[in-house]
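**Q** Take a look and give me a structure for this.
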Amino acid sequence: MEETPLKAVSYELSSILDGLASEGTLDSTGIFTVDLAKALPKLEKFQLPKPHFGLLKIIQSGVVAGATRISTSFTAAHIRIEHNGIPPTPSQLKSILSYLMAPDHPTEERALRDLAIGINTTLARGASWVELKVQDGERWASQRWLSRQEVEEKKEAPAASKGMTCCFTMRRTFGQAASQAFSVANKDVGDLVFRRRDSLDEDAQAVYDSCRHAPVEILLGGRRLPPSIFGRRVLRKWSPFTWREHRKSNLMDIFLSCRDRSPHLLSPPTGSDARFKYFVPGQFVDGRWKQIGKPEPLQDLSVLERRCFGVFGIRGVPSVPGSVTLVKDGVDLTTLAPPVLPRGVTSVLTAEGLPLDLSHFRIVAGPAIEERLDWLSTTLGGIVKAVTAHSHFQDCSPEQSEHLDMLARL
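**A** Numbers count the residues shown, from 1 in each chain. Sure, this is the predicted structure:
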């Protein structure tokens, strides 16, 4: 993990918060408040590391709101994200930007905060307008921002797509629409016909790349996102008529399961074709996973939907550095490869419980992430030791057996 940039952000953020504090007031109830109009532009700098991050915050909001389906659409004219989770109430919609600095808990406020960040950062990148539409019983209410100061409110708005309860729309400016049309005209025809990743614009690519571990169904232009390549055999095109194996399937996948479903957990990578699969029963308590049972062979991945704290993918030989991808509410935050992780092991874990900076996308360097990485290695070693003590992998090669023995000694 690169600590220096994170520390620099912390110092800058401290000065910004001090400035907001000097401008704030203490009301009669003892609650400290700041002038929202002054705070929004200052928060924008820290909540917009990249232009597309605002859209990912909208998706996170849907995941936290309990959605089972999120639909995204990217055209030259607009960007639209809809979900079927619990929408904000009309009163919450009216004051949505006041949730910009809300905490992670309760989760209702986390969902509102992510929506607020998404709207604020989308306004910062430039748009003709940004609209949020929510279902209110049989009716729909909407709020449209032409700017942070110009807001249009509608108590009777047209319904969103069937089955959806919340709809975010960003209308592109004429310049942005013209740029999109020019970009499409320069795409490879084959990519456009088969709708490959390279045919997508930068915003759609961000969703494609960052949301494949989400515990919900995400549609991109009407098509479901392909599953993560975690644990799968990968072939690469070697010549116009030849494909060669780029990476073998994992030798073993180990899933850390939880008793209860949660939007803050993961769904297991459905495309995994590892030779051996095990799940370990556990509990998700206060952002941590605690083992409560012995490893057991896993036959059906669907039983772990929204119940997976993380997964360890063990390759046949320790040929590559160990890595871990940390996921927060359905969006990949980062992939780390520190020396403390064992070689030949690829992991995906929820980032729940780790402190983030004000962007809510960057993990703060410090004891919490160091403890999580140490926990990862220790937990993996204990589980592999338990698995190898009660199972005999007679069809493994000597190199594969040696790799498992090495991991069991962690």
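**Q** following the lengthiest helix in the chain, which helix or strand shows up next?
**A** For the chain, the longest helix by residue count, based on DSSP state H, is helix 367-390. The helix or strand immediately downstream of helix 367-390 is helix 398-408, counting by DSSP states H and E.
**Q** The longest helix of the chain: which residues count as buried?
**A** Buried residues in helix 367-390, counted by 16 or more other Cβ atoms under 10 Å: 369, 372-373, 376-377, 379-381, 383-388. For glycine as for every other residue, the C-beta is placed from the backbone atoms N, C-alpha and C.
**Q** any idea of the mean pLDDT for it?
**A** Mean per-residue pLDDT for helix 367-390: 91.
**Q** got the angle between that helix and helix 398-408?
**A** If you take axes from the mean of the first three to the mean of the last three Cα atoms, to 10 degrees, helix 367-390 sits at 130 degrees to helix 398-408.
**Q** Tell me where the stretch 151-300 of the chain has strands.
**A** Assigned by DSSP state E, counting those that start in this stretch, the strands in the stretch 151-300 of the chain fall at 151-154, 166-171, 217-220, 223-224, 234-239, 242-247, 252-257, 276-280, 282-285, 288-291, 296-297.
**Q** Out of these, which is the most enclosed?
**A** Sort the strands of the stretch 151-300 of the chain by mean neighbour count, taking mean count of other Cβ atoms under 10 Å, and strand 252-257 sits at the top with a mean of 26.
**Q** now the strands of the stretch 151-300 of the chain in a markdown table, with distance to residue 137 and mean pLDDT?
**A** A markdown table is the format used below for the strands of the stretch 151-300 of the chain (distance: least, Cβ to Cβ, whole Å; pLDDT from 0 to 100):
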| stretch | distance to residue 137 | mean pLDDT |
| --- | --- | --- |
| strand 151-154 | 15 | 86 |
| strand 166-171 | 14 | 96 |
| strand 217-220 | 25 | 94 |
| strand 223-224 | 30 | 91 |
| strand 234-239 | 49 | 61 |
| strand 242-247 | 51 | 59 |
| strand 252-257 | 37 | 93 |
| strand 276-280 | 41 | 92 |
| strand 282-285 | 33 | 88 |
| strand 288-291 | 39 | 90 |
| strand 296-297 | 45 | 90 |
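**Q** out of those, nearest to residue 71?
**A** For the strands of the stretch 151-300 of the chain, proximity to residue 71 was assessed by Cβ to Cβ; strand 217-220 is nearest, at 4.4 Å.
**Q** Sheet partners, orientation included, of that closest one?
**A** Applying DSSP bridges, strand 217-220 is found paired with strand 69-74 (parallel), strand 223-224 (antiparallel).
**Q** comparing those, which gets the lowest mean pLDDT score?
**A** If you rank the strands paired with strand 217-220 by mean pLDDT, strand 223-224 sits at the bottom with a mean of 91.
**Q** from the strands paired with strand 217-220, which stretch is densest packed?
**A** Of the strands paired with strand 217-220, the one with the most neighbours on average (mean count of other Cβ under 10 Å) is strand 69-74, at a mean of 22.
**Q** need the helix or strand of the protein with the lowest average pLDDT.
**A** strand 32-33 (a mean of 44; mean pLDDT, DSSP states H and E).
**Q** returning to that earlier point: can I get the buried residues of helix 367-390 in TSV including distance to residue 363?
**A** Shown next, in TSV, are the buried residues of helix 367-390 (distance: Cβ to Cβ, whole Å):
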residue	distance to residue 363
369	6
372	9
373	11
376	14
377	18
379	19
380	20
381	23
383	24
384	26
385	29
386	30
387	30
388	32
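**Q** where in the stretch 51-200 of the chain is pLDDT low?
**A** The stretch 51-200 of the chain contains residues with pLDDT under 70 at 185, 189-194.
**Q** What's the separation between the residue at minimal distance from the centre of the chain and residue 52?
**A** For the chain, residue 331 is the residue whose C-alpha lies nearest the centre (Cα atoms, centre = their mean; 0.7 Å). From residue 331 across to residue 52, the span is 11 Å (Cβ to Cβ, to the nearest Å).
**Q** Residue 327: what's it in contact with?
**A** 213, 214, 266, 333, 348, 349, 350, 351 (Cβ atoms under 8 Å, 6 or more residues apart in numbering).
**Q** ranking those residues by neighbours, who comes first?
**A** Of these, residue 266 is surrounded by the most neighbours, 27 neighbours in total, counting by other Cβ atoms under 10 Å.
**Q** Just want the phi and psi numbers for residue 365.
**A** phi -70, psi 140 (degrees, to the nearest 10).
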